[in-house]
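Visitor: Okay, predicted coordinates and the sequence, questions at the end:
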Amino acid sequence: MTAVLLAALAAPLATTTGAAAADGSVTGTKTLGATDIACGGSVPVTVTLDARTGIAGAPVDVELVLDRSGSMQDAIDELKTAAKSFVDILDEATDGSLDGVIANGSRVGVVSFSDNASVDAGLTSDANAVKAAIDALAANGLTNHSAAISTGQSQLAGSLPGNAKKMIVMTDGQTTVGGDASDDALAARAAGTEIFGIGLGTVDADEIRDWTSDPDATHYYQAPTPAQLQEVFEAIGAAIVVPAATGVTVVDTVSPQFSVSGAAASKGAVAQNGNQLTWTIDQLGTETVTLTFTATHLAATGGGPLPVNPTVAYTDAEGHVVTFGNPAVNVRGCAAAIDVEPEHAVNELGTPGQTHTVTATVTDDFGDPVPNTPVDFSVLSGPNAGAAGNGSTSGAGAVDFTYPGAQGLAGLGTDSIRGCFTHAAGHQVCDDVLKDWVDTTPPVVTCAPTTNPSGGTTPPATNEDGFFVISATDAVDPNPQVFVSDSASPAVFGGFPSGTRIKLVQAPGATPNQKPGVGAVDWRITLKGDALVHGVDSSGNQSAPVSCLVPPPPK
């Protein structure tokens, strides 16, 4: 291969400013294979690049102007192969599929020449028809470059207004008939046609350069032998097509709430470093390529709506800017919160065997119940401090804790109750509630006849002697106090312990007073009127008064 061909193939695939093909384009998307997964579950992830070559986004009309003079007899088969390969390049580049259709508005035509030029295939999107026309070429006659270029331009003159115009002139000899083609080439270029030239074997390279567009380095190609023709046509095809992107790198960083496995790329290579995937692709044409992997949730990090791979960075040699969405997956079923109910309850302490029950409900980040979660309960402080229990949540996410209340005065007060579960990350999540054990029931008081000071027989109900025993009983307080008040004055005596024996004396003119009793009688109480007896417990509950009638004076 000559230095001229090597230099041409190594040159940047650029075209003249006025007739350049549009740049290629790349867009990106990111999708998840599920919207919801269980705590610790997995979700498939796909990062997609949709690429279009420049020709796919900016259609061109390309006229192949091919030498079929007699000197091409030994090279005509290689020319056909190379030219058809060029058609295939455009076929695939325009829609990403080698399907016989040159898509998205681009077209190819064939003009061949010897003594004169002929239109073998008008501009068409039918790649198979173009290749059939190429296959039908037969070598004979002289070489008329002027007719070749003018005929090719006449076809492009009828091109669609929006299509860029390209002409590829391939020849193996000097002009032998028809005169200098320079004016024809100048007119074609002036009309907006970009001309590429291919010289096969020993040719007048300066003559061909005079036809082609500038710069010569990317528009003139010399093939020393027919074997190099395909490589030359491929180089020109690449210049016309304009790759979507080259030197592509995609760096995908997966969130630390997930682990990564099974990374694979449909094109290029992918390397993994922990939660970072680096996807590299040498070149993108008109195609869709994907990076796929599986993201597995790490239960210890907790659930909720979690972005899987929030950072995907794209770079390429052309400087395209590609952005990706940031879909999140709902990770459900990770125990996140606990609610213990009732928040505050009050119980009357008094009935033996009373218990209190609280219910803990464990939910995830979406408020949905989480079953099979162990919950520990404890009474932190209060009259029942130290009581404890545990259990696992049901399908409804709930579990109960029941404990008995202490009895008597020691059972009064406020319990602080705590329910906790251990988060997957290792810390406890708790909720505290309160339980008040109260006494609001007054004592029950009685005033009953009793024995005289000597302990004699209890008098009859009329109790003319006035001996009584005053008593009080309470469900909580074992020692409620008993008080005696005067119905005819503000005087109050007591408190007395339950079971106190008294002698009541009614003396309307006397001052109410209390004196020690004699014998079995604890106190002698003198009142102006009848006695009213009531009880008070340690919680301050006071009973309604009961009457204790003082007997009338003896007759």
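Guide: On my side now, so go ahead. Residues are numbered from 1 along each chain as shown.
Visitor: Look at the closest residue in space to residue 307 that isn't next to it in sequence and report its pLDDT.
Guide: Nearest non-adjacent residue to residue 307, counting by CB to CB, 6 or more residues apart in numbering: residue 328, 4.8 Å away. Yep, even glycine has a C-beta here, placed from its N, CA and C like the rest. With respect to pLDDT, residue 328 has a value of 95.
Visitor: Thought residue 297 was touching residue 328, still the case?
Guide: No. Residue 328 lies out of contact with residue 297 (CB atoms under 8 Å); the separation is 12.0 Å.
Visitor: which residue is nearest the centroid of this structure?
Guide: What sits nearest the mean C-alpha location of the chain, by CA atoms, centre = their mean, is residue 328, with 1.9 Å.
Visitor: Can you report phi and psi for the closest residue to residue 86 other than its chain neighbours?
Guide: Spatial nearest neighbour of residue 86, chain neighbours left out: residue 233 (4.2 Å); criterion: CB to CB, 6+ apart. For residue 233, the backbone dihedrals (degrees, to the nearest 10) come out as phi -60, psi -40.
Visitor: tell me the contacts of residue 233?
Guide: 82, 83, 85, 86, 89, 168, 198 (CB atoms under 8 Å, 6 or more residues apart in numbering).
Visitor: how near is it to residue 66?
Guide: 11 Å (CB to CB, to the nearest Å).
Visitor: Just after whatever helix or strand residue 110 lives in, pick out the following helix or strand.
Guide: Per DSSP states H and E, residue 110 falls inside strand 107-113. Once strand 107-113 ends, the next helix or strand along the chain (criterion: DSSP H and E) is strand 117-124.
Visitor: which intervals of the stretch 351-500 of the chain have sub-threshold pLDDT?
Guide: Across the stretch 351-500 of the chain, residues meeting the criterion (pLDDT under 70) sit at 455-464.
Visitor: give me that answer again for 80
Guide: 351-352, 454-465 (pLDDT under 80).
Visitor: what's the answer for the chain, then?
Guide: 1-23, 351-352, 454-465, 550-555.
Visitor: can we see that at 50?
Guide: Applying pLDDT under 50 to the chain picks out residues 1-21, 555.
Visitor: Okay, helices next: where are they in it?
Guide: For the chain, applying DSSP state H gives helices covering 3-10, 54-57, 76-95, 127-135, 145-157, 182-190, 205-211, 229-241.
Visitor: Packing partners of the second one?
Guide: Yep, that's helix 54-57 we're talking about. The contact analysis (3 or more CB pairs under 8 Å, 6 or more residues apart in numbering; DSSP states H and E) places helix 54-57 against helix 76-95, helix 229-241.
Visitor: Make a markdown table out of those helices and add distance to residue 218.
Guide: What follows is the helices and strands packed on helix 54-57, written out as a markdown table (distance: least, CB to CB, whole Å):
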| stretch | distance to residue 218 |
| --- | --- |
| helix 76-95 | 16 |
| helix 229-241 | 6 |
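Visitor: before we move on, back to that, quickly compare the helices of the chain and say which is most buried.
Guide: Using mean count of other CB atoms under 10 Å, the stretch among the helices of the chain with the largest mean neighbour count is helix 54-57, at a mean of 24.
Visitor: List the strands paired with the strand holding residue 110, with their directions.
Guide: strand 60-67 (parallel), strand 117-124 (antiparallel) (DSSP bridges).
Visitor: Okay, buried residues for the last one please.
Guide: Within strand 117-124, the residues that qualify as buried are 117, 119, 120, 121, 122, 123, 124, counting by 16 or more other CB atoms under 10 Å.
Visitor: just the angle between that strand and helix 76-95, please?
Guide: Angular relation of strand 117-124 and helix 76-95 on a 0 to 180 degree scale: 20 degrees, by axes from the mean of the first three to the mean of the last three CA atoms, to 10 degrees.
Visitor: rewinding a little: now the helices of the chain in JSON lines, with distance to residue 283?
Guide: Below are these laid out as JSON lines (distance: least, CB to CB, whole Å):
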{"stretch": "helix 3-10", "distance to residue 283": "15"}
{"stretch": "helix 54-57", "distance to residue 283": "13"}
{"stretch": "helix 76-95", "distance to residue 283": "11"}
{"stretch": "helix 127-135", "distance to residue 283": "22"}
{"stretch": "helix 145-157", "distance to residue 283": "29"}
{"stretch": "helix 182-190", "distance to residue 283": "30"}
{"stretch": "helix 205-211", "distance to residue 283": "29"}
{"stretch": "helix 229-241", "distance to residue 283": "9"}
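Visitor: how about the ones you listed, which one is nearest residue 512?
Guide: If you check each of these against residue 512 by CB to CB, helix 54-57 wins as the nearest, at 114.4 Å.
Visitor: Report the distance from that closest one to the chain centre.
Guide: Centroid displacement of helix 54-57 relative to its chain, using CA atoms, centre = their mean, to the nearest Å, is 35 Å.
Visitor: With stretch 180-196 instead?
Guide: Stretch 180-196 sits 59 Å away from the centroid of its parent chain (CA atoms, centre = their mean).
Visitor: what sits up against that stretch?
Guide: 15-16, 18-19, 145-146, 148-150, 152-153, 156-157, 164-169, 175, 207, 210-213, 219-221, 236, 239.
Visitor: now do stretch 70-78
Guide: Residues from elsewhere that reach stretch 70-78, judged by CB under 8 Å, 6+ apart: 68, 79, 114, 137-143, 172-173, 200-201, 226-227, 229-230.
Visitor: Need the CA coordinates for that stretch. CSV is fine.
Guide: Only the C-alpha atoms of stretch 70-78 are listed here, as CSV (Å, rounded to 0.1, in the frame of the first residue of the first chain):
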residue,chain,number,x,y,z
GLY,A,70,-11.2,-1.5,-21.1
SER,A,71,-8.3,-1.1,-18.8
MET,A,72,-10.5,-2.1,-15.9
GLN,A,73,-10.9,-5.7,-17.2
ASP,A,74,-8.5,-7.1,-14.6
ALA,A,75,-9.9,-5.0,-11.8
ILE,A,76,-13.6,-5.0,-12.5
ASP,A,77,-14.5,-7.8,-10.0
GLU,A,78,-12.6,-6.1,-7.2
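Visitor: when you give positions from now on, start the count at 14
Guide: Sure thing, new numbering starts at 14, so read that last one as stretch 83-91.
Visitor: so which of the helices of the chain comes closest to residue 529?
Guide: Per CB to CB, nearest to residue 529 of the helices of the chain: helix 67-70, 118.1 Å.
Visitor: I figured residue 425 hits residue 488, correct?
Guide: No. Using CB under 8 Å, residue 425 makes no contact with residue 488, being 11.6 Å away.
Visitor: hey, what's in contact with both of those two?
Guide: Counting by CB under 8 Å, 6+ apart, the residues touching both residue 425 and residue 488 are 362, 452.
Visitor: quick one: residue 390 and residue 384, what's the gap?
Guide: The spacing between residue 390 and residue 384, counted by CB to CB, is 18 Å.
Visitor: out of the two, which sits in the more crowded spot?
Guide: residue 390 (21 against 15; other CB atoms under 10 Å).
Visitor: who's in contact with that one?
Guide: Neighbouring residues of residue 390 by CB under 8 Å, 6+ apart: 371, 373, 401, 402, 403, 414, 430, 431, 432, 433.
Visitor: Nearest residue to it in space, ignoring adjacent ones along the chain?
Guide: Excluding its sequence neighbours, the residue lying closest to residue 390 (CB to CB, 6+ apart) is residue 414, at 3.8 Å.
Visitor: For that neighbour, name its beta-bridge partners.
Guide: Bridge pairing for residue 414 - DSSP bridges - gives residue 371.
Visitor: Surely it is in contact with residue 370?
Guide: Yes. Contact criterion CB under 8 Å: residue 414 and residue 370 qualify, at 6.9 Å.
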